[in-house]
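**Student:** Have a look; sequence and predicted model below, questions after that.
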Amino acid sequence: MTRRTGTGTWLRHYTIVYLVFIYLPVVLLPVFSFNDAIYVAFPMKGFTLRWWEEMVQQTGMLHALGNSFTVAVPVCLVSTTLGMCAAKALTSYKLMGARVLTGLFALPLVIPFIILGIALLIAFNSYGLELSLWTVGIGHVLICVPFSLFVLMSRLEGFDRSLEEASLDLGETPWMTFWRVTFPVALPGVVASLLLTFTISFDEFLLAFFLTGNESTLPLYIWSQLRFPAKLPAVLALGSAILVVTFVLVTLAERLRRQGEFRSDTAAGGS
Amino acid sequence: MVMALISPFVLLIGISFTLETGAQDEWVLSLANYQAVFEKPQYLRVLGRSLVISSLVALTTVLLAYPAAYFIAFHVRGNKMMWLILITLPFWTSYLLRVFSWKLILGYNGVINSALLWLGLIDQPLDFILYNTNAVVVTLAHAWAAFAILPIFVSLQKIDRTLIEAAHDLGENSIAAFIRVTLPLSMPGVIAALLLVFIPTVGDYVTPKMVGGPNGLMIGSLIQVAFGRLDNWPLGAAISVVSMITVTGTVCAFLFGIDRLKKLVARA
Amino acid sequence: MKDRAFISIKGISKHFGKVRAVDDVDLEIEKGEFFALLGPSGCGKTTLLRMLAGFEVPTAGEIYIDREPTAAVPHFLRPVNMVFQNYAIFPHLNVFQNIAFGLRKDRLPRPVLEERVNDALALIKLDGYGARRADELSGGQRQRVALARALIKKPKVLLLDEPLGALDKKLREQMQLELRDLQRNVGITFVFVTHDQEEALTMSDRIAVMSSGKTIEHGPPSQLYDRPRTRFVADFLGTMNFFEGRVAGSDGDGLAIETDRLGMVRAQGPADFAVGDRLTVALRPENIRISPHTPNDDVDTIGGTVSNTAYLGDRTHLYVTLEGSDQPVLVARQNMDGSGSDGPAGHAAVSLWWRRSSVLLLKSG
């Protein structure tokens, strides 16, 4: 046993170093957003809040932020709905060619995004669709559906079909059975899918780069600002703000989840 | 949905066989784009480099992530979820800013150079750590870490713990038990992680551009140039088709190789 | 119209591709009966139950419930409810919500709803458990909640799919009796599926034994156990010794049968065997006794050697080898008043005897 704890300590140290590797670049963003210098480089100068003030005043950035929400919210709703339909169909019925369908849905994942992006660009062009936030949204739905599908399928795979049968047996219609049984049971998966697809769309750069018209999403805006050192610190401030918001949201979600877990844990122990 | 998925690729392949004439609505069938791709050495060289870089990235990412995933799966008793969230949290921030951040770390006045100067290990900042292939590999290995950690963790978590105890019981020490039981059983996760990192990074455009320098150029940049500055869509389409086929071919060859390896091991 | 039974199953078949899961089954079940479908796994019993519930559509045949044909009735309108094998307790609802699930459409005022659910909770002896979460229940409690949830719908028929399969042995035995009592109290027809012959014998009024999609025999438990008409049922219920034989002669008392291992055996079998017919003789292990003295002349005896013994607590199984045969005969000996260790041990020569009335004659093959 002592040797195993030895490996354990060794692994723990490694994981902590790994965490430093993962966090180092992320921690630098907020640090430099308070740095009193235009150039984002060492050595650091004094502390300032002016980049945060500037952030609030940069209308272009706030506009891009708004655009990103305009795209990401419908994208996460649409792709989670599509993912739910597909996951339901693939898990509950032994469909002919279910594997082929799953593979097809996963297609956008096995093709580099840049190629997907230009393929869509060509397609929109030949359909005569003008490039806009709409075309970005369509592209994002295509890459989000597979993620949503996999999250929901792993949730629904353990789903006990007899729960739905029990509901039907107790006199519920198939439609109400979906809303009273399937959906609530799959809810954690649905929430996970919404979060994941929102983030993917919110942060996606390559597809947006090819598929947008005159409007910028936030990543496109950031990309354009990376060339102008003077604008950069405000971008870092925004990045830090988003980081803090995500941090709070994820922690909150995890706390909620753990409360549920805790209750079921005590039940398992008590009976 | 199926049509929406397939038609862009049909069009992509179609347009790659046409010639850019400058005139609208005029299409001339031609193999010239493919000729250009195969005859100008830069395209194939960059494509080859992209594959090498992405393979390196995939390997590095998985090698770095495996011990951490193993630690969480086997040594964390209480809240594994918290550790997973802790590891994946940074990936909720902007990809662009994360990549940019590596410039701050690896740059001339960056964290590493500053630290080394402060420690007195060097007198002059090192200028060879940014703008090259290594910088691309490190940055991508960081950017895609979540895509490696999660599948590996899931496959490790699924392993029946009694199998490892059985290996110990049959007289294997920890290392042998790991190599003969844990590692093979976690291979599905490792393979998924390799592919999940390899495929998207081949086409990445941001990282090479930001930290790659001239020698870190990857195929995504060429495609972008064809569609952007050159405004030669058919050429860009041809490069894309060739890259897509190469990537698919590489993935298939890799999976086939794994399959052969499995059979060889089974026979031994 | 001909007077039909409460539930009438007429020529029901269900094919999945080439597999005949249920193959031309006819059954009648009376109102208020506790009826068991018993058989090994894969015999079609669950498919038959699911056709009663409406989850499977029969390939051929018709099912009448309360004398009404059911083919056109979707499952959510059928007057039947089901207790699922794993109970299918909704994990996102508490006990109260689970039990009240099927009452949504009745739009009951809250006090009435609460009263009905509380009555149901009292029925299953879980008063005060309404607020418990589904995952806070033990296996036995889940089973009761599943029962209450189905019974609150006041179905004409309650279907139970392996209702006790997920419980441990002690709890199962207790629940067998409770289910029996509950069924008598509510007076609803219960049809349940089980692979456990003991469970079927304990609980049901009648049993239908199934194999390969067909019903082999049906009748009250004691009839199927004591007087099976087929080798399958004789073998499936309890344990049995089989001997091959041929009718050598008959008189007013019964038949004389020449057997492969027991020599000449006399039986008061049914008269549908003629001299010269091949048949199978069956003897329950508990009907074969070991003792030097035989009580009267109504018995047959044979000598043998104990080759092996298995102590089972309440009884001991002795494997007795007969002369001229390697295949031992199984004899069960009750252990009363601590007599477990008194019996004959290995290699002891013993004399076996049995009453003629306990010899069963079955058609060969």
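**Tutor:** Nice, thanks for sending it over.
**Student:** what's the neighbour count on residue 147?
**Tutor:** Going with chain A. Using other C-beta atoms under 10 Å in any protein chain shown, the number of residues around A:Phe147 comes to 21. Any C-beta I mention is one placed from the backbone N, CA and C, and that applies to glycine too.
**Student:** please go with chain C instead
**Tutor:** Neighbourhood size, C:Leu147 [other C-beta under 10 Å]: 26.
**Student:** ok, it - contacts?
**Tutor:** C:83, C:124, C:163, C:179, C:182 (C-beta atoms under 8 Å, 6 or more residues apart in numbering or on different chains).
**Student:** So which of those residues belong to strands?
**Tutor:** C:Val83 (DSSP state E).
**Student:** farthest pair in the contacts of C:Leu147?
**Tutor:** Using C-beta to C-beta, the pair of the contacts of C:Leu147 lying farthest apart is C:Ile124 and C:Pro163, separated by 12.7 Å.
**Student:** Compare those two (neighbour count), which wins?
**Tutor:** C:Pro163 (26 against 21).
**Student:** so what pLDDT did the closest residue to that one other than its chain neighbours get?
**Tutor:** Leaving aside its sequence neighbours, C:Pro163 sits nearest to C:Val83 (C-beta to C-beta, 6 or more residues apart in numbering or on different chains; 5.4 Å). At C:Val83, the model reports a pLDDT of 92.
**Student:** give me the element residue 232 is part of.
**Tutor:** You didn't pick a chain, so chain A it is. A:Leu232 belongs to helix A:232-270 when elements are defined using DSSP states H and E.
**Student:** Hmm, no, I was thinking of chain C.
**Tutor:** Going by DSSP H and E, C:Phe232 is in helix C:231-236.
**Student:** For that helix, list every residue counted as buried.
**Tutor:** By neighbour count on 16 or more other C-beta atoms under 10 Å in any protein chain shown, the buried set for helix C:231-236 is C:231-234, C:236.
**Student:** who touches A:Cys144 in this structure?
**Tutor:** A:75-76, A:79, A:83, A:196-197, A:200-201.
**Student:** So it belongs to a helix, correct?
**Tutor:** Yes. Inclusion of A:Cys144 in a helix is indicated when DSSP: H, G, I helix; E, B strand; the rest coil is applied.
**Student:** Check which helices and strands the helix holding C:Phe232 sits against.
**Tutor:** Helices and strands touching helix C:231-236, by 3 or more C-beta pairs under 8 Å, 6 or more residues apart in numbering or on different chains; DSSP states H and E, are strand C:206-211, strand C:214-219, strand C:241-250, strand C:278-283, strand C:360-363.
**Student:** if we compare those, which one ends up closest to chain B?
**Tutor:** strand C:206-211 (35.4 Å; C-beta to the nearest C-beta).
**Student:** Neighbouring strands - and their directions - for that closest one?
**Tutor:** strand C:34-38 (parallel), strand C:214-219 (antiparallel) (DSSP bridges).
**Student:** Put together CSV for these, with distance to A:Cys144, mean neighbour count and mean pLDDT on each row.
**Tutor:** CSV is the format used below for those (distance: least, C-beta to C-beta, whole Å; neighbours: other C-beta atoms under 10 Å in any protein chain shown; pLDDT from 0 to 100):
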stretch, distance to A:Cys144, mean neighbour count, mean pLDDT
strand C:34-38, 48, 26, 95
strand C:214-219, 52, 19, 93
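**Student:** For the chain, give me the ranges with low pLDDT.
**Tutor:** Using chain A. Low-confidence segments of chain A (pLDDT under 70): A:1-5, A:39-43, A:92-98, A:254, A:256-271.
**Student:** Hmm, no, I was thinking of chain C.
**Tutor:** Applying pLDDT under 70 to chain C picks out residues C:1-4, C:269-271, C:292, C:294, C:338-342, C:365.
**Student:** how many neighbours does whichever residue of it sits closest to chain A have?
**Tutor:** Across chain C, no residue is closer to chain A than C:Gly102, which sits at 3.2 Å (C-beta to the nearest C-beta). By other C-beta under 10 Å, 21 other residues sit near C:Gly102.
**Student:** now B:Gly213
**Tutor:** B:Gly213: 15 neighbours (other C-beta under 10 Å).
**Student:** That one contacts B:Asn134, correct?
**Tutor:** No. B:Gly213 is beyond contact range of B:Asn134, at 10.5 Å (criterion: C-beta atoms under 8 Å).
**Student:** Straight-line length of stretch A:49-66, end to end?
**Tutor:** 23 Å (C-alpha to C-alpha, to the nearest Å).
**Student:** Who are the contact partners of C:Thr202?
**Tutor:** C:176-177, C:180.
**Student:** Ramachandran angles for it?
**Tutor:** Listed backbone geometry of C:Thr202 is phi -70, psi -40, with angles given as degrees, to the nearest 10.
**Student:** that older thread, between the helices and strands packed on helix C:231-236, which one is nearest to C:Arg142?
**Tutor:** Of these, nearest to C:Arg142 by C-beta to C-beta is strand C:206-211, at 25.9 Å.
**Student:** which SSE is B:Ile126 in?
**Tutor:** No Ile there; residue B:126 is Leu. Using DSSP H and E, no helix or strand contains B:Leu126.
**Student:** mind listing what it touches?
**Tutor:** Applying C-beta under 8 Å, 6+ apart, we find B:Leu126 in contact with B:112-113, B:116.
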